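**Q** Build me a model from this:
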Amino acid sequence: MARLTESKCTQCRRAGEKLFLKGDKCFGPKCPMLKRNFPPGQHGPKQKHPKVSSYGKQLKEKQNVKRTYGLLERQFSNYVASASAKTGDTSKILIQYLESRLDNVVYRMGLGKSRQAARQMVNHGHITINGKKVDIASYCVRVGEIVAVKESDKKIKLFEGVSERLAKATDLPGWLSVDADKLSGKVLNTPSLDNASFNAKSIIEFYSR
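**A** Have a look, this model is predicted:
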């Protein structure tokens, strides 16, 4: 399956809700969802989001989460299959897999303003795990591991002002601790989403059909 070629903002408009794919822009007055809160296409504002069936709702939930984490269908379905094969609450396990991704942890730490920005940091070799460079965005960060900006990269322009931003952050998840001065973070517990904006159970049911 090919990668989505639509812009991030178009993906949000198609979903009918903010997926927070553009970092600060999503929270500012320039967010297209504020002025164009209708599906993209030639019919413009006359087009409405149609009523959908139970299957349609589950499909939409799955598509939104895929877009939020920037995953392809094969990647996402593999996470669902792996979670389903585990003993326990499949929904919680799926969330653990998604939140444990290295690009997501970098995003949750506040190093990247969006998951896409965080993924680029990882892909470009700026991030280390326990002192060793890891450039695989899908790497599963384990409890106790320390994620940090590579020492030699801390003073490059990309990370200017990041330490100050991290020091002011108030939305850090409880399973993660951050050292703003060292530009590092440690996974304290198994990742979770107490206030998940999506229904993981609905997604599991979609793939169980």
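**Q** When you work out contacts or count neighbours from here on, use the C-alpha atoms and nothing else.
**A** OK.
**Q** In terms of helix, strand or coil, where does residue 136 fall?
**A** coil (DSSP: H, G, I helix; E, B strand; the rest coil).
**Q** ok now do it, which residues does it touch?
**A** Contacts for residue 136 (C-alpha atoms under 8 Å, 6 or more residues apart in numbering) come out as 102, 122-123.
**Q** Could you check the pLDDT of it?
**A** Model confidence at residue 136, given as pLDDT, is 98.
**Q** can you pull the pLDDT of residue 204?
**A** On pLDDT, residue 204 comes in at 92.
**Q** Which stretches in this protein count as helices?
**A** Assigned by DSSP state H, the chain shows helices spanning 8-15, 32-35, 54-69, 73-85, 90-100, 102-109, 115-123, 162-168, 200-207.
**Q** hey, which of those helices is tucked in deepest?
**A** helix 102-109 (a mean of 26; mean count of other C-alpha atoms under 10 Å).
**Q** okay, now the domains of the chain?
**A** According to automatic domain parsing, the chain comprises the domains 8-98+197-207, 101-187.
**Q** any idea which of the ones you listed scores lowest on pLDDT?
**A** Note on these: domain 8-98+197-207 shows the lowest mean pLDDT, a mean of 80.
**Q** hmm, back to that, indicate which one of the helices of the chain is closest to residue 133.
**A** Nearest to residue 133 among the helices of the chain is helix 115-123 (8.9 Å), distances taken as C-alpha to C-alpha.
**Q** What separation do you get for residue 103 and residue 126?
**A** From residue 103 across to residue 126, the span is 11 Å (C-alpha to C-alpha, to the nearest Å).
**Q** who touches residue 173 in this structure?
**A** For residue 173, the contact set (C-alpha under 8 Å, 6+ apart) comprises residue 108.
**Q** can you give me phi and psi for it?
**A** Dihedral pair for residue 173: phi -70, psi 150, per degrees, to the nearest 10.
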